[in-house]
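1. sequence and predicted structure, then a few things I'm wondering about:
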Amino acid sequence: MPPGADAVCMVERTRVESDGSIVIVEESVQPGTFVRKAGSDIQAGDEVFSPGTHLSPAHVGVLSSIGVEQLFAHPSPTVGVLSTGDELVTSAGTLAPGKIRDANRPALLAQLHADGFGTVDLGLVGDDEAALTALLEEAGSRCDAIVSSGGVSVGDRDLMKAVLKDLSGPTMRSMQIAIKPAKPFAFGMLKETGTPVFGLAGNPVSALVAYELFVRPALRSMAGCTVLDRPRLAAVADVDLPRSRDGKLHLVRVTVRTGIDGVLGVRSAGGQDSHMLRVMAQANALALLPDGEGVRAGDRVEILLLDADGVPASQREPW
């Protein structure tokens with residue numbers, strides 16, 4: 001501000017005499033109008049951002065505006081992804097008997113990229129204990145974490161559990177979690193490098209649901225984030241969401257929409273079998289149905305919001 005000035009008038013509210021010698025201000029301007037006072041945004045001594053803040057573009061702009069050129073930050077983990085199983089192929093040609101195309105690895109790589117993590121495509125490995133061991137040992141030296149799918153259930157050819165136990169020792173855990181889908185799960189930290197390995201089920205929906213529940217929060221913790229989980233919100237069932245009693249928490253793939261009353265409504269995205277990957281792609285949330293008969297249309301239901309696009313923040317009521 002020039003010395004003696006205490007207000008600013010928009011140029012659109014002024015005009016200049018024809019000879020250019022005089023500027024006419026065409027409206028009354030009160031002292032302080034359009035004056036940005038020093039310290040009105042950040043004052044000396046303020047904590048600008050607390051440790052653990054996820055840096056958005058606006059955060060970077062603020063730091064630049066106060067002259068911060070360098071800062072300490074957690075690096076984003078680099079995650080290796082592999083799929084296991086003799087039945088898997090990557091080609092687009094005609095499938096031979098007993099073969100299926102690998103969907104888990106491309107889906108997990110894409111999800112990791114969307115969540116801001118670095119990725120390493122570790123490819124496919126068959127049901128070969130020596131090959132799987134060599135791949136994990138090699139990947140542990142260049143990845144901050146490893147995510148695999150397949151080989152963690154109870155079949156004779158589920159080798160991931162055995163290999164991970166050999167490589168991880170006492171840190172290895174093989175679990176049957178009381179959820180549906182994604183019940184089988186394994187975890188261990190490689191003895192040589194300390195690299196965490198997350199063993200997900202081979203069914204495509206199970207792999208993605210387990211990623212959301214267990215892998216993504218762990219990776220966000222490794223990245224220094226303080227908010228680890230996706231939002232859990234209150235919604236209302238637009239239709240019945242039935243389920244059977246089996247002692248498990250059911251994670252039902254649903255679509256969320258905003259009603260005319262501003263309340264979030266959910267309905268099933270389609271079939272709920274763990275191989276129905278297209279339904280998972282169509283869903284933008286998981287409805288968390290505790291053991292019982294499910295919920296009726298009009299009942300409140302807790303959801304885990306997977307994709308916030310199209311759901312205004314003002315309508316996201318925490319559960």
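-> Everything's here; your move.

2. give me the low-pLDDT residue ranges for the stretch 201-319 of the chain?
-> Counting by pLDDT under 70, the stretch 201-319 of the chain has low-confidence residues at 310-319.

3. go on, the stretch 1-150 of the chain?
-> Using pLDDT under 70 as the threshold, the predicted model of the stretch 1-150 of the chain has no low-confidence range.

4. in it, which spans are strands?
-> 14-16, 23-25, 78-84, 88-89, 100-101, 118-125, 145-149 (DSSP state E, counting those that start in this stretch).

5. which of these sits closest to residue 53?
-> strand 118-125 (20.3 Å; Cβ to Cβ). From N, CA and C alone the C-beta is placed, and that goes for glycine too.

6. rewinding a little: now tabulate the strands of the stretch 1-150 of the chain in CSV and tack on distance to residue 70 and mean neighbour count.
-> Shown next, in CSV, are the strands of the stretch 1-150 of the chain (distance: least, Cβ to Cβ, whole Å; neighbours: other Cβ atoms under 10 Å):
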stretch, distance to residue 70, mean neighbour count
strand 14-16, 43, 12
strand 23-25, 44, 11
strand 78-84, 22, 24
strand 88-89, 45, 18
strand 100-101, 46, 13
strand 118-125, 21, 17
strand 145-149, 27, 27
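
7. now render those strands as TSV, adding distance to residue 7.
-> Below are the strands of the stretch 1-150 of the chain laid out as TSV (distance: least, Cβ to Cβ, whole Å):
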stretch	distance to residue 7
strand 14-16	13
strand 23-25	10
strand 78-84	54
strand 88-89	71
strand 100-101	68
strand 118-125	51
strand 145-149	57
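
8. longest strand in this protein, please.
-> strand 249-258 (DSSP state E).

9. ok, and the closest non-adjacent residue to the most centrally placed residue in the chain?
-> For the chain, residue 115 is the residue whose C-alpha lies nearest the centre (Cα atoms, centre = their mean; 5.0 Å). Beyond its immediate neighbours in the sequence, the residue positioned closest to residue 115 (Cβ to Cβ, 6 or more residues apart in numbering) is residue 216, lying 6.2 Å away.

10. for residue 166, grab phi and psi.
-> With angles defined as degrees, to the nearest 10, residue 166 sits at phi -60, psi -40.

11. let me redo that: residue 185
-> Taking degrees, to the nearest 10 as the convention, residue 185 sits at phi -160, psi 140.

12. the closest residue to it other than its chain neighbours: what secondary structure?
-> Setting aside the residues directly before and after it, residue 185 is nearest to residue 175 in space (Cβ to Cβ, 6+ apart), at 4.8 Å. Look at residue 175: counting by DSSP: H, G, I helix; E, B strand; the rest coil, its state is strand.

13. contacting residues around residue 175?
-> Shown in contact with residue 175 (Cβ atoms under 8 Å, 6 or more residues apart in numbering): 184-187.

14. of the residues you listed, grab the buried ones for PyMOL.
-> The buried residues among the contacts of residue 175 can be selected in PyMOL (16 or more other Cβ atoms under 10 Å) with this line:
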select buried, resi 184+185+186+187
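
15. out of the contacts of residue 175, who's nearest residue 244?
-> The closest of these to residue 244 turns out to be residue 184 (Cβ to Cβ; 19.7 Å).

16. that closest one reaches residue 155, doesn't it?
-> No. Between residue 184 and residue 155 there is no contact under Cβ atoms under 8 Å: 10.0 Å.

17. just to revisit the earlier point, the residue nearest to residue 115: neighbouring residues, count only.
-> 18 (other Cβ atoms under 10 Å).

18. repeat for the one 4 residues further on
-> Here the count is done by other Cβ under 10 Å, and residue 220 has 22 residues near it.

19. hang on, it is in a helix, isn't it?
-> Yes. Counting by three-state DSSP, residue 220 falls inside a helix.

20. what about the closest residue to it other than its chain neighbours, how many residues nearby?
-> Nearest non-adjacent residue to residue 220, counting by Cβ to Cβ, 6+ apart: residue 228, 4.9 Å away. Neighbourhood size, residue 228 [other Cβ under 10 Å]: 12.

21. wait, residue 228 sits on residue 221?
-> Yes. Residue 228 lies in contact with residue 221 (Cβ under 8 Å); the separation is 5.7 Å.

22. what separates stretch 87-101 from the chain centre, distance-wise?
-> The chain centroid and the centroid of stretch 87-101 are separated by 30 Å under Cα atoms, centre = their mean, to the nearest Å.
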